[in-house]
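Chemist: Predicted model and sequence below, questions to follow.
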Amino acid sequence: MSRTAERQVSFADWELVRQGLCLEPLLQAISDFLDNQKDMIEQVRCDLTRGLKKAETGRNGLTPQQVLRSLVLMRVKNWNYRELRERIADGCTLRQFTDFYCLPVPRHDAFNRGFNRLTPKTLKAINDLVVQAAVGLGLEDGQKLRVDTTVVQTDIHHPTDNTLLWDVVRVVTRLIGRLAAALGRRRIKGFCDRTRSARRRMQEIQRMTTRQRQQQQTARYRELIGIAEEVIESARTALRRTGKARGKDIITDLAVAETRKEIEHFCDLGARVINQSRRRVLNGEQVPAAEKLYSIFEPHTDLIKRGKVQTPVEFGHKVFLAESARGLITQYEVLDGNPIDEQHVVISLERHRQTFGDVPKLYGSDRGFFSEKNVMSCKQQGVKVVCIPQRGGTKAPEREAYEKSREFKDGQRFRAGIEGRISVLFRGRGMKRCLAEGRERFELWVAAAVLANNLMKIAALLADRSSRRRKAA
C-alpha cells in the first residue's frame, strides 16, 4: 500500500545535493513550482489512502510526491512504464526530480498501481489548482480564450462484425481454458474449442472481393454467428456445471472467482456482438451508432464522425479543450457520444468566469461552434470580440463585413493556435491514443497529458520572467 509519511532525507541525498547535480531547467522549474503546491499533494494523498483502514501502517509504498512527480515526468517525456522506471533508476537528476534520491526505485507495475489509485476527479482538481496558481503568480489574466474539440482514440483494432465475432470466440475459449487450469483439469467437459473454425470463417470474409461479398458473405456470416452462439452457450453451461467446484487453496479460489466473472462479462458482450451482426448482415437492418459495440475490450468506445476527409470515422472519445492566450489549458472534458460543438460555448464562458472572475474579451472558435444564440450569449455576457465564423447559409451584409474586419481576422489567427496545442498534446504528451484500459483510466490519460502541458507552460513562463528580470537588473 502507499506510504503517507514524508520521506526522510538521508546523508546520501544531502551528498548528491552538495555535489551540485542540476536538473534540466524545465524540470527544475516544474520541481520548484510543485514544491509550493501543498494542496495538490494533499489531493493525491487522499486518493492513495482511499479505502485503507490503517493507512499509516503496513509496507512502505510510493509517497504522494513520488506518484505525482513520476506521473508528470512520464507524460512530459512520453515514456511507458518500463522506460519511466529505467530512466529514474539510472539517472541521479531524475531521482532528485521524482523525490526518490538514493531510495530503491520500484518495479514498473508499482507505478502503474500508484497511478491507477488516482481518480479523474482528483486530476481535474489538481489541474484547476495549477491554473489558479498561474493566475495568482500573474502569469495569466484570462483576457483571451480559444476552444476546440478533438478525438482521442481508444486502443482497439478497426471494428468489423467478423473480427468482433472472432474476438468473442477466442477470448471466451481462452478464459475457459484458464478456468480449467485453475481447477486442476485438462478441459471442462462439454466445452468444444471452435477457434479454428471461427478463424477460418473470419479470414474467408476478410479476403472476399466486392463481388464475392454480394454472393457469399451472408452464408459465411451465418456460420460464424452460429459458432459464436455455440461457444457462448457452452461457456455458460460450463459455468453452471463448475459452480460448486473449488481450487486447492484460497488464492486459487480467488483466481477461479475472478475468471468466472470475466467469462460472464465477455459472454454478455458477445451476445451484444451477435445481436448487432445478425441485425446488420442477416436482416439488413441499419443499426444506430449508439447501439453498436465497437470493441469487447473497450466497450465504452464511441464512433465519431467529424467530416474529416483523411479520417472520416474515428473510434474513441470526443474531448473538449479551452486554451488561454499563454498556452494554459483552462478547461477540458471527455464527452459521451458525438455531441455538437455549439453546445459548449455558454458552458465554457461560465467556467471561465468562475476561474478568472470575468468572461474573456476575445472568444475564438471554428465554425462548428456557431449559432446565432451563441453569438448573442457571448455579447450579452460581455465578450467584446466574438470570433466564431458563420456556418453555412447566406451571410448578411453586416456579418460579411464583420468577418472581413481586422479584429475578426486577428481573432481567427489567435484561434488557430489551439490546433498547434492539440498537435503538441498528441505528439509530445501521448494523448493521441489512450493505451490504458477502461473509461476511468481513459479520463486519467487525458488529464495527465493536460497537467503535463500546463506545468511545462508555467515553468517556461516563470523562466522567461526571471530571465527578463535579470536583464533588467
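Modeler: The structure has been received and is ready for your questions.

Chemist: what sits against residue 424?
Modeler: residue 453 (C-beta atoms under 8 Å, 6 or more residues apart in numbering). C-beta: built from backbone N, CA, C; applies to glycine.

Chemist: so which strand or helix has it?
Modeler: helix 417-427 (DSSP states H and E).

Chemist: Show me which parts of that helix are buried, residue by residue.
Modeler: Buried residues in helix 417-427, counted by 16 or more other C-beta atoms under 10 Å: 418, 421, 422, 425, 426.

Chemist: List of residues touching the strand or helix carrying residue 85?
Modeler: With elements taken from DSSP H and E, the one containing residue 85 is helix 81-90. With C-beta under 8 Å, 6+ apart as the test, helix 81-90 has contacts from 70, 73-74, 77, 79, 94-95, 98, 100, 105-109, 111-112.

Chemist: In ChimeraX, how would I select the buried members of those residues?
Modeler: This is how ChimeraX selects the buried members of these, with burial counted by 16+ other C-beta under 10 Å:
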select :70,73,74,77,79,94,95,98,100,105,106,111
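
Chemist: Show me the contacts of helix 81-90 that map onto helices.
Modeler: 70, 73, 74, 77, 94, 95, 108, 109, 111, 112 (DSSP state H).

Chemist: quick one: the third one and residue 112, what's the gap?
Modeler: Right, the one you point to is residue 74. 10 Å (C-beta to C-beta, to the nearest Å).

Chemist: now do the fourth one
Modeler: Between residue 77 and residue 112 the computed distance is 16 Å (C-beta to C-beta).

Chemist: Look up the residues forming beta bridges with residue 332.
Modeler: residue 321 (DSSP bridges).

Chemist: That one: neighbouring residues, count only.
Modeler: 20 (other C-beta atoms under 10 Å).

Chemist: and residue 316, that's in a helix?
Modeler: No: per DSSP: H, G, I helix; E, B strand; the rest coil, residue 316 lies outside any helix segment and is strand.

Chemist: Who is it paired with across the strands?
Modeler: residue 153, residue 302.

Chemist: Next, count neighbours for it.
Modeler: 24.

Chemist: try residue 243
Modeler: Neighbour tally, residue 243, other C-beta under 10 Å: 8.

Chemist: From residue 260, how far off is it?
Modeler: Relative to residue 260, and taking C-beta to C-beta, residue 243 is found at 8 Å.

Chemist: ditto for residue 365
Modeler: The separation that residue 365 has from residue 260, given C-beta to C-beta, amounts to 50 Å.

Chemist: Those two: who's more crowded?
Modeler: residue 365 (27 against 18).

Chemist: quick one, what contacts that one?
Modeler: Here residue 365 is in contact with 146, 147, 148, 341, 345, 387, 388, 415 (C-beta under 8 Å, 6+ apart).
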